[in-house]
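Colleague: sequence and predicted structure are below.
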Amino acid sequence: TSIDIKLCIICQQKTKKKNRKAESLTLCSEFRAGESLIRAANARGDEAGQRILLTLQDGSPDCVASDICYHFTCYRDYTHSTTVAALEAKRTTTVQDGNVYDRAFEWLAVCMEKELFSDTEIRAMRMDSLTSKYSAKLAELGAATQYRRWLLKKRLLEHFGKRINFVRPDPLSPESVVSSSLPESRLLQVVGAAVAKAEAAQQCDDEHVGDDMPDEDAPPAIDTSCKVHAFHTAMALNNAIRDQQPTIPTMPHASDLVNENAPVPDILYNVLAMTIVGPEKCDIGDLTASRVHIPADIHCKILAIAEDIVYAATRGSILTPKHVALALTVHHHTRSKHMVDLLNQFGHGISYSKLREVETGYSLEVAGSSAASSVVVPRGISQHGGDVHFCWDNNDLNEETLSGQGTTHCTNGIVLQHSLPFQDDPCPPESTSRAEPGNQRRPRSVAPPAVPSLEYNCGARPRPPPMAHAVPDAQGSIDPFLTVASIDLIWFLLRADQTVSPKFGRPDDESQLVPAWSGFNAEMNQSTAPGTPTTVGYLPIIPASPTAMSTVYELVVRSLRTSKKLNQPHCIITADQAVYAKAVEVCWKNAELKDVVLRMGAFHTSCAFLGVIGKRFGSAGLEDLLVESGVVGSNACKQVMAGKHYNRGVRLHKLAFECLLGVNWNLYEDSMEGE
């Protein structure tokens with residue numbers, strides 16, 4: 001083979017990149033360089049080594065006379081002293097120890113021939129004993145004493161072939177080698193005898209070692225019966241989990257995501273309950289009962305742990321209420337894919353891909369029901385339940401676009417109803433469709449459907465209809481306003497009684513025992529009766545902004561049609577201030593919407609009243625009072641008077657209410673001094 005000496009002798013390249021720069025060739029000018037190249041070539045035995053040995057005629061290390069060229073980095077890496085020394089040691093060890101391993105294995109094979117294939121008695125040999133004998137023979141011959149068991153098993157199969165079999169009578173027992181001619185009827189007997197023989201030999205060795213070892217230093221005895229019991233328990237739990245049938249559908253309803261529907265086997269629940277609580281604290285009762293009775297505060301924790309085990313054992317093929325509900329809740333509050341994936345990696349929730357499938361299933365269901373019928377009744381809303389309540393609001397994404405146009409604006413609506421759970425509904429809506437449990441892959445995205453919008457002609461702006469006269473209260477009825485005013489007066493008198501001076505003054509926090517206005521009313525209105533669960537149904541999205549009158553008209557008509565299908569005499573709609581103002585005009589203009597009851601949300605109603613109070617009393621000294629007292633800044637006070645800064649505004653008006661009520665009470669006391 002021709003060798004071009006004008007190229008690098010090692011890489012056969014003219015130039016080489018080094019730190020993004022071309023590295024030029026270096027002409028060998030030292031005799032010791034030839035010695036290093038010959039040594040590395042003999043140790044490596046590769047293509048570059050053959051070129052080096054052919055170039056240096058007769059093995060002469062005279063690289064100067066041979067005009068050898070190389071790159072400096074190639075020469076440095078190829079002749080690295082540590083690498084070359086390791087390769088030389090490896091080649092020497094292979095040559096010396098090759099026959100040692102073969103001789104040790106031949107000796108072991110002869111021993112196995114006498115032990116396993118003897119005509120007098122059929123026996124078995126444990127693999128750990130064979131490995132120990134083989135390692136001891138290697139040490140006797142001067143080779144390495146560490147040898148892996150799987151390598152010895154591989155050599156035994158290559159040598160004996162089908163003459164031997166490897167058996168393990170119990171998963172916790174060591175593997176044994178037997179003759180393939182051994183009948184199955186004697187298999188357990190022969191292997192058991194081999195195990196007993198090995199354990200007796202080990203015990204004998206331990207006794208000899210224990211003669212010279214103090215008792216406190218003796219190794220602890222290992223109870224193999226506990227391992228056997230643990231193995232059989234684990235097998236029973238695994239079989240029970242795999243026999244469990246999925247109970248959570250692909251698109252679960254709220255009634256599906258409860259702990260009572262968790263696919264947890266009774267045996268798993270009982271094991272966890274007795275492990276966590278303790279057998280002595282568990283009320284086992286009748287042994288024929290399915291589950292043990294434990295305290296209620298521990299029940300949810302045990303179910304959560306059991307659901308994690310079921311989800312992990314089935315590789316996510318069986319969904320549990322915890323994993324679906326937790327992932328949906330975290331994603332709803334954070335909108336973070338990373339948080340959902342983090343919970344899934346720790347085994348506490350479904351994956352983000354599965355979550356997208358669930359949410360897309362809901363969207364496809366609503367879109368399908370909208371396309372099939374003009375009147376949509378969401379899943380879970382019953383004709384035989386309580387009154388329904390519609391809520392509409394805008395959902396603006398406001399993406400960053402080059403021109404500022406083309407952003408996403410839509411209107412979302414929900415239906416609220418106090419009713420029975422969905423599965424107990426005797427007549428569910430026709431649009432309801434539930435997917436069967438399964439692990440099939442489903443779409444994770446959906447294209448927005450083209451929903452035709454209703455046309456609306458604004459025309460002249462309508463005027464409000466005449467208000468109907470209020471019906472006077474019957475005799476003996478209590479005016480709600482007087483009741484609330486009485487409660488406020490009682491609250492003020494209780495707080496005033498806690499002051500240190502006879503005149504009204506703000507007490508310090510330590511001396512005041514009666515809470516402020518919010519805390520007092522919260523304590524007064526506490527209810528011990530359990531609340532009725534509310535079912536939430538999702539209406540189809542209107543792909544338009546609610547600022548358009550046609551969109552407001554469409555949402556009112558949709559709500560009215562749905563309420564009529566649910567046999568509701570009136571349609572109650574709650575919206576924010578912007579939608580409410582347009583919806584009122586729509587209802588004033590259209591007589592067919594007379595059964596619609598419009599409500600503005602409590603937040604916007606409160607903001608409107610705050611603005612009215614600020615407009616009427618701000619310039620009358622209320623604004624100066626709040627600013628000069630130091631409870632609010634001047635700029636923030638202007639926003640409060642305009643109905644903004646809701647939390648700050650409510651706090652300031654409560655303080656002003658208490659202070660003004662105290663002034664009135666002091667004047668009342670002064671007026672009563674002469675009487």
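Modeller: Structure received. Numbering: from 1, shown residues only.
Colleague: biggest helix in the protein, by residue count?
Modeller: helix 81-116 (DSSP state H).
Colleague: helices or strands next to that helix in the packing?
Modeller: helix 31-44, strand 124-126, helix 127-141, helix 149-160, strand 176-179 (3 or more Cβ pairs under 8 Å, 6 or more residues apart in numbering; DSSP states H and E). For glycine as for every other residue, the C-beta is placed from the backbone atoms N, C-alpha and C.
Colleague: Pro265 is nearest to which of those?
Modeller: strand 176-179 (34.7 Å; Cβ to Cβ).
Colleague: which helix or strand contains the closest residue to Ile309 other than its chain neighbours?
Modeller: Counting by Cβ to Cβ, 6 or more residues apart in numbering, Leu268 is the residue found nearest to Ile309 once chain neighbours are left out, at 6.5 Å. Using DSSP states H and E, Leu268 sits in helix 266-276.
Colleague: what's the first helix or strand after that helix?
Modeller: Criterion used, DSSP H and E; the element after helix 266-276 is helix 296-313.
Colleague: quick revisit: now do the contacts for the residue nearest to Ile309.
Modeller: 237, 240-241, 306, 309-310 (Cβ atoms under 8 Å, 6 or more residues apart in numbering).
Colleague: repeat the analysis, applying 7 Å as the threshold.
Modeller: 237, 240-241, 306, 309 (Cβ atoms under 7 Å, 6 or more residues apart in numbering).
Colleague: can you pull the pLDDT of it?
Modeller: Listed pLDDT for Leu268 reads 89.
Colleague: please apply the same query to Thr1.
Modeller: Reported pLDDT for Thr1: 51.
Colleague: do the same with Arg242
Modeller: For Arg242, pLDDT reads 84.
Colleague: please apply the same query to Ala313.
Modeller: pLDDT at Ala313 comes out at 90.
Colleague: and it, how far from Ala234?
Modeller: Ala313 sits 10 Å away from Ala234, going by Cβ to Cβ, to the nearest Å.
Colleague: neighbour-wise, which of those two wins?
Modeller: Per other Cβ atoms under 10 Å, whichever of Ala313 and Ala234 has more neighbours is Ala313, with 17 against 12.
Colleague: return the residues in contact with that one.
Modeller: Residues in contact with Ala313 (Cβ under 7 Å, 6+ apart) are 238, 241.
Colleague: now swap in Gly601 and tell me
Modeller: Gly601 touches 574-576, counting by Cβ under 7 Å, 6+ apart.
Colleague: again, only using 6 Å
Modeller: By Cβ atoms under 6 Å, 6 or more residues apart in numbering, Gly601 lies in contact with 574, 576.
Colleague: re earlier: among the helices and strands packed on helix 81-116, which is nearest Gly649?
Modeller: helix 149-160 (76.4 Å).
Colleague: next secondary structure element downstream of the helix or strand of the chain with the lowest mean pLDDT?
Modeller: Here the helix or strand of the chain ranked lowest by mean pLDDT, DSSP states H and E is helix 187-211, holding a mean of 58. Following helix 187-211 in sequence order, the next helix or strand is helix 224-242 (DSSP H and E).
Colleague: buried set for that following helix?
Modeller: 237, 240-241 (16 or more other Cβ atoms under 10 Å).
Colleague: low-confidence regions, the stretch 301-450 of the chain specifically.
Modeller: 367-374, 419-450 (pLDDT under 70).
Colleague: now the strands for the chain?
Modeller: Listed in chain order, the strands of the chain (DSSP state E) span 16-18, 21-23, 26-27, 69-70, 124-126, 164-167, 176-179, 388-396, 409-418, 534-538, 571-575, 596-600.
Colleague: could you redo those strands as CSV and give each row distance to Lys137 and mean neighbour count?
Modeller: As requested, these are arranged in CSV below (distance: least, Cβ to Cβ, whole Å; neighbours: other Cβ atoms under 10 Å):
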stretch, distance to Lys137, mean neighbour count
strand 16-18, 51, 13
strand 21-23, 53, 11
strand 26-27, 52, 12
strand 69-70, 47, 22
strand 124-126, 15, 21
strand 164-167, 19, 16
strand 176-179, 17, 22
strand 388-396, 79, 19
strand 409-418, 79, 18
strand 534-538, 76, 18
strand 571-575, 88, 22
strand 596-600, 92, 17
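Colleague: now render these as TSV, adding distance to Leu513.
Modeller: Shown next, in TSV, are the strands of the chain (distance: least, Cβ to Cβ, whole Å):
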stretch	distance to Leu513
strand 16-18	83
strand 21-23	83
strand 26-27	93
strand 69-70	93
strand 124-126	80
strand 164-167	81
strand 176-179	81
strand 388-396	40
strand 409-418	38
strand 534-538	36
strand 571-575	38
strand 596-600	38
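Colleague: surely Ile541 meets Cys410?
Modeller: Yes. The criterion here is Cβ atoms under 6 Å, and Ile541 meets it with Cys410 at 5.2 Å.
Colleague: circling back to that earlier point, let me know the angle separating the longest helix of the chain from helix 31-44.
Modeller: For helix 81-116 against helix 31-44, the angle by axes from the mean of the first three to the mean of the last three Cα atoms, to 10 degrees is 20 degrees.
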